[in-house]
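**Q** Could you look at this predicted model? Sequence included:
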Amino acid sequence: IKWSGADLDSSVFEFNATHPTRLKVKAAGDYFVSLNAHSVENSNGGGNHRTQHQFVLRKNGTAVPQGKSNCTYLRHANGHAETSGHINVLVPGLSANDYFEIYTGIDYAVTSTVKLESVRLFAEKVAPSRTVFSALSSRTTAHATNLRQDSLSPLVWDHNVSDSGFTHSDSSNAHQITLDSAGKYLVYINLPLQQSGSVQRATLDLHVKVAGSLIAGGVASQGYIRLANSGSSLHWVGMVSTSSSNQVLTTEVVKSDNQGDTSIIVPANTKASIFIEKLSNANKLFSATATQTTCSNPNDWNKAAAPKWTTQETMDSNYYTHSTSSNAERITINKTGDYLLLYNDELNASTMRDNPKVSVMVNSKVIPGAVTATHYIRNSSGHDEASGTLVALIPDLQPNDVVSLKLEPEASNGIVHSKRPARLVLLRKVGLPKPIFNLPAFTDASSISGSVTFQEDDANVSVSGFTAADLNVTNATVSNFSGSGATYSFTLSPNSYPST
């Protein structure tokens, strides 16, 4: 994928037109990478035609095992012409000058073709001060390879990052991840799938449990495998809240179709992945769930409408304004900044080939690429449910901006219900420090005293490496530069009088 532009921290990332497919990292460390890719029909060959394509994260030209998504089946019938791919993974142990790319290509195509509508990539260096856990898997406790079992079976995890705050053993009860303390945890799960057999419309569900109980909205079911010997993927993101210490998180998979025997495995050279971050507190956080919409039939998620966030889980009122009873679909931003959005749902229907599309809106305008369109429901062979998930960084939101989600029917117009609560999470991310200058608007002095203080969220923050050379000054020279930490002072001497 060739990127048309980037908004980045130049001390950590590098992007230029010479290599427009690459995002280079300039600092060693662990990196979280998130892709949201919206694809649409390019041509329709008519008749019995289908397509599916994949997205793969590569590092230095080599595929990252956990970085694959192909939940992108398109029927090219009944109006089904849009889909999406999603990757949310931690890539640990990068070196300076490593680079990321996203590759895309066809899994199968029968006459019809697809094209990219809009794609969003978000990457961040995970600071060592953050409390995170990351692990990979290719098996369950029930079987060494086959994930498709009649009853729920937990994925067995091998961790590659496990900070203090998590307890996990690769050799004993490796399916259990212990969340050591009460709190709020962001969770991202990717599970690539491959069928080895001739069953059509094979499907799996992924269940996220804490202390043995399914969390609200904790199911992923977008991994529809239409053809023999083909694949798909499951994706789930959300927030897990615990009120006591040492709670055990498990991720369990189960057969959800009613077809005959076949095998579904994690494909060769790929891995399932889980990435968990414990938030230090609930500051800057909003989370709520929805089961109804603003539609005249509030239980129908396949009409032009918006989810109503009527069950609020947490809200920092310094950053958000929201009512569960009045305009519950709207979340108003109170402070400028970049906001990370997580969304997950699971829908079901008894009609054929529905595919509700969900888009993120700011002030009633859709954010390009912030779309999930993986709700295709065949209503055959036991396939009567599908989920959607998306992660998007929304940069530079301003006070009084309104965030909401847009629902619209993409394929058939049958009634689609919320099988489990949808969840929306917003988190104000730490931004780059902003320089606040203190200089007179007008003066007749021949030398002008000034200062600059760096702030984040109206609080002073220390910076390093700031020198007089970093001041961009015209028609004057800089002298007497001094300072450290958050505040620096300097003198400006105009080149002429009067001067601007």
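**A** Good, I have the coordinates.

**Q** quick one: buried residues of whichever helix or strand T314 is part of?
**A** Element membership for T314 (DSSP states H and E) is strand 311-315. Using 16 or more other C-beta atoms under 10 Å as the test for burial, strand 311-315 gives Q312, E313, M315. All C-beta spots, glycine's among them, are computed from the backbone N, C-alpha and C.

**Q** give me every residue that touches the first one.
**A** Q312 makes contact with S287, A288, H322, T324, according to C-beta atoms under 8 Å, 6 or more residues apart in numbering.

**Q** S233 contacts N190, correct?
**A** Yes: counting by C-beta atoms under 8 Å, N190 is a contact partner of S233 at 6.9 Å.

**Q** what's the overlap in contacts for those two?
**A** Common contacts of S233 and N190 (C-beta under 8 Å, 6+ apart): K68, S69.

**Q** just to revisit the earlier point, possible to save the contacts of Q312 as JSON lines with pLDDT, distance to H168 and neighbour count?
**A** Shown next, in JSON lines, are the contacts of Q312 (pLDDT from 0 to 100; distance: C-beta to C-beta, whole Å; neighbours: other C-beta atoms under 10 Å):
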{"residue": "S287", "pLDDT": "98", "distance to H168": "25", "neighbour count": "22"}
{"residue": "A288", "pLDDT": "98", "distance to H168": "30", "neighbour count": "24"}
{"residue": "H322", "pLDDT": "98", "distance to H168": "35", "neighbour count": "19"}
{"residue": "T324", "pLDDT": "98", "distance to H168": "36", "neighbour count": "13"}
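
**Q** which of the residues you listed lies closest to I264?
**A** S287 (32.0 Å; C-beta to C-beta).

**Q** Please pull out the lowest mean pLDDT helix or strand from this protein.
**A** Within the chain, judged by mean pLDDT, DSSP states H and E, the helix or strand with the poorest mean is strand 459-460; its value is a mean of 88.

**Q** So which other helices or strands are in contact with the next helix or strand after that one?
**A** The C-terminal neighbour of strand 459-460 among helices and strands, as given by DSSP H and E, is strand 476-484. Identification of packing neighbours for strand 476-484 by 3 or more C-beta pairs under 8 Å, 6 or more residues apart in numbering; DSSP states H and E yields strand 487-494.

**Q** Partner strands of the strand it packs on and their direction?
**A** Paired with strand 487-494 in the same sheet, following DSSP bridges, are strand 448-456 (antiparallel), strand 476-484 (antiparallel).

**Q** tally of neighbours for Y320?
**A** When counting by other C-beta atoms under 10 Å, one arrives at 22 neighbours for Y320.

**Q** residues touching the residue nearest to it when sequence neighbours are not counted, list them.
**A** Leaving aside its sequence neighbours, Y320 sits nearest to F286 (C-beta to C-beta, 6 or more residues apart in numbering; 4.6 Å). The contact partners of F286, taken as C-beta under 8 Å, 6+ apart, are T314, M315, D316, Y319, Y320, H322, I331, L424, V425, L426, L427.

**Q** Isn't the third one up against K284?
**A** Yep, that's D316 we're talking about. Yes: D316 is in contact with K284 according to C-beta under 8 Å; the separation is 5.5 Å.

**Q** Between the two, point out the one with more neighbours.
**A** Per other C-beta under 10 Å, whichever of D316 and K284 has more neighbours is K284, with 20 against 17.

**Q** Contact partners for the more buried one?
**A** Applying C-beta under 8 Å, 6+ apart to K284 gives the contacts D316, N318, Y319, L427, R428.

**Q** please redo it, this time with the cut-off set to 7 Å
**A** By C-beta atoms under 7 Å, 6 or more residues apart in numbering, the residues touching K284 are D316, Y319, L427, R428.

**Q** which of those lies closest to N60?
**A** Out of the contacts of K284, the member with the shortest distance to N60 (by C-beta to C-beta) is L427, at 29.9 Å.

**Q** Which of the strands paired with strand 487-494 has the highest mean neighbour count?
**A** Highest mean neighbour count of the strands paired with strand 487-494: strand 448-456, a mean of 16 (counted as mean count of other C-beta atoms under 10 Å).
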